[in-house]
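K.L.:
quick one: sequence and predicted model below, then my questions.
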Protein chains: 6
Amino acid sequence: MFYQDGKLQYRVRVERPNPIFARALQQAIGGVEGEIRVMMQYLFQGWGARGPKKYRDMLINTGTEEIGHIEMLATAVALNLEGAPLSMQEDVANDGVAGAVLGGMNLRHILSTGLGATPENCNGVPFNASHVYASGNLMADMYANVTAEATGRVLATRLYGMTDDPGMKDMLSFLIARDTMHQQQWLAVIEELGGSAGLPIPNSFPQSGEKNEFSYAYLGHHKDGTTIPSGRWTQGPSYDGKGQ
Amino acid sequence: MFYQDGKLQYRVRVERPNPIFARALQQAIGGVEGEIRVMMQYLFQGWGARGPKKYRDMLINTGTEEIGHIEMLATAVALNLEGAPLSMQEDVANDGVAGAVLGGMNLRHILSTGLGATPENCNGVPFNASHVYASGNLMADMYANVTAEATGRVLATRLYGMTDDPGMKDMLSFLIARDTMHQQQWLAVIEELGGSAGLPIPNSFPQSGEKNEFSYAYLGHHKDGTTIPSGRWTQGPSYDGKGQ
Amino acid sequence: MFYQDGKLQYRVRVERPNPIFARALQQAIGGVEGEIRVMMQYLFQGWGARGPKKYRDMLINTGTEEIGHIEMLATAVALNLEGAPLSMQEDVANDGVAGAVLGGMNLRHILSTGLGATPENCNGVPFNASHVYASGNLMADMYANVTAEATGRVLATRLYGMTDDPGMKDMLSFLIARDTMHQQQWLAVIEELGGSAGLPIPNSFPQSGEKNEFSYAYLGHHKDGTTIPSGRWTQGPSYDGKGQ
Amino acid sequence: MFYQDGKLQYRVRVERPNPIFARALQQAIGGVEGEIRVMMQYLFQGWGARGPKKYRDMLINTGTEEIGHIEMLATAVALNLEGAPLSMQEDVANDGVAGAVLGGMNLRHILSTGLGATPENCNGVPFNASHVYASGNLMADMYANVTAEATGRVLATRLYGMTDDPGMKDMLSFLIARDTMHQQQWLAVIEELGGSAGLPIPNSFPQSGEKNEFSYAYLGHHKDGTTIPSGRWTQGPSYDGKGQ
Amino acid sequence: MFYQDGKLQYRVRVERPNPIFARALQQAIGGVEGEIRVMMQYLFQGWGARGPKKYRDMLINTGTEEIGHIEMLATAVALNLEGAPLSMQEDVANDGVAGAVLGGMNLRHILSTGLGATPENCNGVPFNASHVYASGNLMADMYANVTAEATGRVLATRLYGMTDDPGMKDMLSFLIARDTMHQQQWLAVIEELGGSAGLPIPNSFPQSGEKNEFSYAYLGHHKDGTTIPSGRWTQGPSYDGKGQ
Amino acid sequence: MFYQDGKLQYRVRVERPNPIFARALQQAIGGVEGEIRVMMQYLFQGWGARGPKKYRDMLINTGTEEIGHIEMLATAVALNLEGAPLSMQEDVANDGVAGAVLGGMNLRHILSTGLGATPENCNGVPFNASHVYASGNLMADMYANVTAEATGRVLATRLYGMTDDPGMKDMLSFLIARDTMHQQQWLAVIEELGGSAGLPIPNSFPQSGEKNEFSYAYLGHHKDGTTIPSGRWTQGPSYDGKGQ
Ligand SMILES: [Ca+2]
Ligand SMILES: [Ca+2]
Ligand SMILES: [Ca+2]
Ligand SMILES: [Ca+2]
Ligand SMILES: [Ca+2]
Ligand SMILES: [Ca+2]
């Protein structure tokens, strides 16, 4: 069961509202790298977990934290929309800057929400729950979670670079820190599950069932069949200790 | 900020697992009448609320309850998938009942989740966040919420009628009760906001701005222009006291 | 069966074409608050109606009216696109106003339709028919319809405030009036169906089947369990006369 | 503006209701080959038409006919759902045939609509309006329309072969006939627009602007570069009389 | 099996990067008229082909060419994003032109890809594979393919008109030429399959099974039943030689 | 540029066609764990790569291999559909097994493709290109790729367990082996990029910009604030050597 206390996890301030930055922030709410996705992903992974209870607890706990991140970002979007140009009067139309602001906004921020956030990405594409990975295989799910926090942190640092508003930089520096932690967290589970001993994923399938001659060979699909640049993937021992 | 305690809001038991009922239950998770929708709808309405703080609190509070309903239903799906036929051996294929079960399942319950719930409807269509109504107009949103709880309760009673498992009936009787309450709750807000005095929605728009001769007239689009059956909508005073 | 006469239901004029307003108008065509949605919603409700024939007739009749609203808006989009900048010549790129217009347009209005409307919302997201509510329960559907006309009217008044083109204001004042009427119309059906006597929806389900102790209780999910602000929803008799 | 008369364009009867055939019929309503698509496609083509008025008239007129086809099919779905198994009592579960029927249904036909049609395809995927082709180029649109009626007729004949219900065969034989006519109709417009003289589409673009050496050459992307089977497309004059 | 050689099918140069043109180009990648669509459409048609092997070969061969077109366009998007404004510093915000560029971009080109292309259309709507037509009926599919190349060439010529960058015009003149060829190619298959002798599509269905009195009649759905403008579709012999 | 040779990468045989297994196989074509996704993901990552050319080459090369996997699976779907029941004659309806097969099929395999594969998942939901992760950050993308191959291999082993057809098991044992290899391959790139030295992702962002007190702390969102189960994520040094 879930509870709330009406406070934000971390303060959210905006000194100079910017409706186009409001649009950009939406990517962190409803984009594939965003918070709705991790919230639902961790919760569904937890609800479907059949192994040791501590993983279930941790997944649901961190999923719960992510709800609060959506809350912070939704608040940030609303604050950035304060004072947005709501109409196309002549002076706006003839003012390059104001006109660009109106044209560059997510118009649904005016038309559909009256200056509030939506569960959409920065292009106004609604979040689609097919992005929730909960495979029932904890190791596979942990890689999905590292991915989510890695692309999420990439996004958050780009948002950080896009704004020079001190309030927004402050909020993002908190969210970036949490992404750092969550990358650590899922890597820690991978270690607990045995690290490379867990490979290949799933490690429950007997490898006698696979065509082993294709399991550790890099195949070139170059037209002339010869020009394979070398890398760690063309040489050295395999990570599961079974191939070459 | 959000919290959890690892317990279910109400007990969830399944006596006779049924993978096809698991598929049906998905409609209450990820369908347009389902719990993901109300969770996100109430939370986004709350996060975008700019009026009296008590509405914001109530919306976020009830949105928080709905997360727990998803949790209950995800648990119910997992329990109904216990013992599902995982393969197409000859005996399943030749057994009408078992074959029908396998064919009638959401195969992603086997292939993608390993017997857990997904954020999808009963046909496996992922939840799409465009169904979150948060218009910035509280009165309009309350009608959206009554609709959500009305169609949600219709769905829950149909699920109740579809199963004869005592555990499932027990869980659904709880969720149905909450839908009853939530219908009451949103109607109460409509009353607080003035009821019919709030009409037409939005009541902030000066009616001098609308073509009043079309505001209270039922128009027939029958080919011959004459056969309009009468109803309350063709006669009697208007609900806002302004038309006929 | 359906017919048409090649005329618009109400005149559509544009004095100063504005391609960004064309984008905004798309929300009223293909947005969740728009005309494609109500058209399909009323028609599918009518086609699925199994009760008294007069409701079926009314639903199909008003659904038919809505097709004409899409037609009006599609015409308005096309007129607003007259004279749109079609290319990125240097003078456009260096002209803040013209550049903002081009950048703020739905580029599909140039690239995909050659200056015509699309069945999309203001962000270019195609209409998705999952928004058609036709539950088979007339009372539930009427609340869905009030919602549609309430959010639709909110949208139309925002579009009205966004433009200062007399032709567009004139067209919108007609559509706003029809939204007023349609709110009345669906409320009238709710009255005919018994109003609060129809609660909870569906009223065909015996309330003995629900956990009555949870049917009329507002539950707090506040972390500390005490801070429930009071409102009509925490006190007073229930609307169906059955709870407290 | 649009009108209706409450009648079906052609009779719809079902002798032996079949809920799985109801699911199949949905493809003709909300599938990419279905009637919602052609209705919206022809209407949007008409509303966006800027050329001779007679094409606009014809497009809107035939689009209007298609609304009636949705109506017929929605009626057929509802009739096929009469008597559908609504629950999973033990006797259904142990009865291979009845169990298969329940498992093979679109469960939303029970849960979401109460035995009515939805604007979805046979897998329950909602119609998505991105399938509406209205390019502003009449010739391109006519090929899109031939495609729609060709795939639509393929679908209808497959539905015809799938059922042995005389009522359903009768209804489908009408819809198939209309598809025949509509194929003719769009081919007639192509002829009026000049047939091969209209090639390449669009013929308004000066061919000096294209790399002519690539305009009439079939290119092989076979790995060894030699094995191109010959066909009309590797030899003979081009259809626009400009290539070889 | 597939191969590549790391080269582009035709050179791609950009003299003056333009992030808004990068957005426009996305329509040719992930739009319904774009290259992902034809690639998947031709490949799936080929993979599902059960008739003469030469059609299968040709479909897969041309589908393979289309992968290279996506590659060219993805390269063009990346080149047009060079030097895009990545942040909202004060000088950008106060510079109408630079501000318009930032507002008019697909912000995912900054936030999600770090200046690379996405499989989306010009509005950032992801490609949806429901647009892949592969009906199993070769004649119907050929009309779908002519449609794809016709709307694709319309799009490419509009992009050509939108830019004055010599490199982009050069690349587009190549893609336009290929669209010309592919229109020819699919029309050639229609001729090989018998042209009008293949009508109506599918021609395998015995026309005794359709209501012939409706197969060659243009029906008016005008309200007053009289105003049918004449055209080739109201008079003259039918194209299949069977109607009037 | 791309090439093909008309052969399959590995043989595809089906001894006992099974239309329900054809539906299951669709998940490996158009599901989020499937081959369309990895094909597009690796190609778009390669096309957008701005670093050392060898990564670009490898990504495009392996993306090219994946096209051939779609080809194999599309062939497998078509072979499994041989002999599918195409109609609902009385004997099928009364035969539990045959009826279950028909009801359990993707009906689009009959109605839309005439017994061929579609670019959809096992529930008939079309592939949506928003699942293509190409962030411009190679490390983040490698984790996305490990995830794709991990969930892909989980899926393939589940399909392997679902069938007892020797041909299908043979084909899957090849695809499983390739998934094993591709997991190794992306892990090798992570090693080449520095492994944990690349953390946190992106490592280009100065950590002075994040709130370091939140970067390495596991936060409990338990209602009572005390019940954090311990794990590697609550103790021990951080993976990037910067936290505790
Ligand atoms: Ca987060
Ligand atoms: Ca609920
Ligand atoms: Ca309307
Ligand atoms: Ca039709
Ligand atoms: Ca092409
Ligand atoms: Ca693969």
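P.N.:
Received, thanks. Numbers count the residues shown, from 1 in each chain, chains lettered A, B, ... in the order given. Ligands and ions are numbered 1, 2, ... in the order given.

K.L.:
let me see the ranges of the strands in chain A.
P.N.:
Assigned by DSSP state E, the strands in chain A fall at A:2-4.

K.L.:
got any ranges where it has weak pLDDT?
P.N.:
A:244 (pLDDT under 70).

K.L.:
let's see it at 80
P.N.:
Flagging of chain A using pLDDT under 80 yields the residue ranges A:225-227, A:243-244.

K.L.:
which helix of it spans the most residues?
P.N.:
The longest helix of chain A (DSSP state H) is helix A:53-81.

K.L.:
is it in proximity to chain E?
P.N.:
No. Judged by CB under 8 Å from any CB of the partner chain, helix A:53-81 stays clear of chain E, getting no closer than 10.8 Å. Just so you know, the C-beta spots here come from the backbone N, C-alpha and C atoms, and that holds for glycine as well.

K.L.:
quick one, that helix and helix B:53-80 angle?
P.N.:
On the basis of axes from the mean of the first three to the mean of the last three CA atoms, to 10 degrees, helix A:53-81 is oriented at 150 degrees to helix B:53-80.

K.L.:
what residues does chain A put near chain C?
P.N.:
So far as CB under 8 Å from any CB goes, chain A lies against chain C at A:1-6, A:86-90, A:93-97, A:99-100, A:102-104, A:106-108, A:110-112, A:114, A:120, A:123-126.

K.L.:
so what's whatever residue of chain A ends up closest to ligand 2 closest to, chain neighbours aside?
P.N.:
In chain A, the residue that lies nearest ligand 2 is A:F2 (12.3 Å; CB to the ion). Nearest residue to A:F2, sequence neighbours excluded (CB to CB, 6 or more residues apart in numbering or on different chains): B:I67, at 4.4 Å.

K.L.:
and that neighbour, how many neighbours?
P.N.:
B:I67 has 27 neighbours, counted by other CB atoms under 10 Å in any protein chain shown.

K.L.:
cool, and A:P206?
P.N.:
By other CB under 10 Å, 8 other residues sit near A:P206.

K.L.:
just the closest residue of chain A to chain D, please.
P.N.:
Chain A approaches chain D most closely through A:K223 (6.3 Å), counting by CB to the nearest CB.

K.L.:
show the contacting residues for the most centrally placed residue in chain A.
P.N.:
Most central in chain A under CA atoms, centre = their mean is A:E33, positioned 2.7 Å from the mean C-alpha point. Contacts were defined as CB atoms under 8 Å, 6 or more residues apart in numbering or on different chains; by that measure A:E33 touches A:27, A:148, A:151-152, A:154-155, E:112, F:135.

K.L.:
so how far is ligand 6 from it?
P.N.:
Shown here: A:E33 relative to ligand 6, a distance of 24 Å by CB to the ion, to the nearest Å.

K.L.:
what do you get for A:G220?
P.N.:
Counting by CB to the ion - A:G220 and ligand 6 are separated by 16 Å.

K.L.:
which one is that residue nearest to, not counting chain neighbours?
P.N.:
A:I228 (4.5 Å).

K.L.:
which residues touch the one you found?
P.N.:
A:218, A:220, A:222, A:234, F:61.

K.L.:
in the sheet, who's paired with the third one?
P.N.:
On the basis of DSSP bridges, A:H222 is bridged to E:Q4.

K.L.:
dump stretch A:20-37 to CSV, keeping only the CA atoms.
P.N.:
This file holds the C-alpha atoms of stretch A:20-37, laid out as CSV (Å, rounded to 0.1, in the frame of the first residue of the first chain):
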residue,chain,number,x,y,z
ILE,A,20,10.1,26.0,-24.0
PHE,A,21,12.2,24.5,-21.2
ALA,A,22,8.8,23.3,-19.8
ARG,A,23,8.5,21.4,-23.1
ALA,A,24,12.0,20.0,-22.8
LEU,A,25,11.3,18.8,-19.2
GLN,A,26,8.5,16.7,-20.4
GLN,A,27,11.0,14.3,-21.8
ALA,A,28,12.0,13.6,-18.3
ILE,A,29,8.4,12.9,-17.3
GLY,A,30,6.9,11.0,-20.2
GLY,A,31,9.9,10.1,-22.4
VAL,A,32,11.4,6.7,-22.7
GLU,A,33,14.2,7.9,-20.5
GLY,A,34,11.8,9.4,-18.0
GLU,A,35,10.4,8.9,-14.6
ILE,A,36,7.0,7.4,-15.4
ARG,A,37,8.9,4.7,-17.1
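
K.L.:
and that stretch, what's buried?
P.N.:
A:20-37 (16 or more other CB atoms under 10 Å in any protein chain shown).

K.L.:
send me stretch A:228-243 as CSV with only the CA atoms.
P.N.:
This file holds the C-alpha atoms of stretch A:228-243, laid out as CSV (Å, rounded to 0.1, in the frame of the first residue of the first chain):
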residue,chain,number,x,y,z
ILE,A,228,36.1,-7.0,-39.9
PRO,A,229,37.8,-4.4,-37.7
SER,A,230,39.1,-6.1,-34.5
GLY,A,231,38.0,-5.4,-31.0
ARG,A,232,37.6,-7.0,-27.7
TRP,A,233,34.6,-8.8,-29.2
THR,A,234,36.7,-10.6,-31.9
GLN,A,235,39.3,-11.8,-29.5
GLY,A,236,40.0,-12.9,-25.9
PRO,A,237,38.1,-15.2,-23.6
SER,A,238,34.4,-15.0,-23.2
TYR,A,239,32.8,-13.4,-20.2
ASP,A,240,31.1,-16.6,-19.0
GLY,A,241,34.3,-18.6,-19.3
LYS,A,242,32.7,-20.9,-21.8
GLY,A,243,33.8,-19.6,-25.1
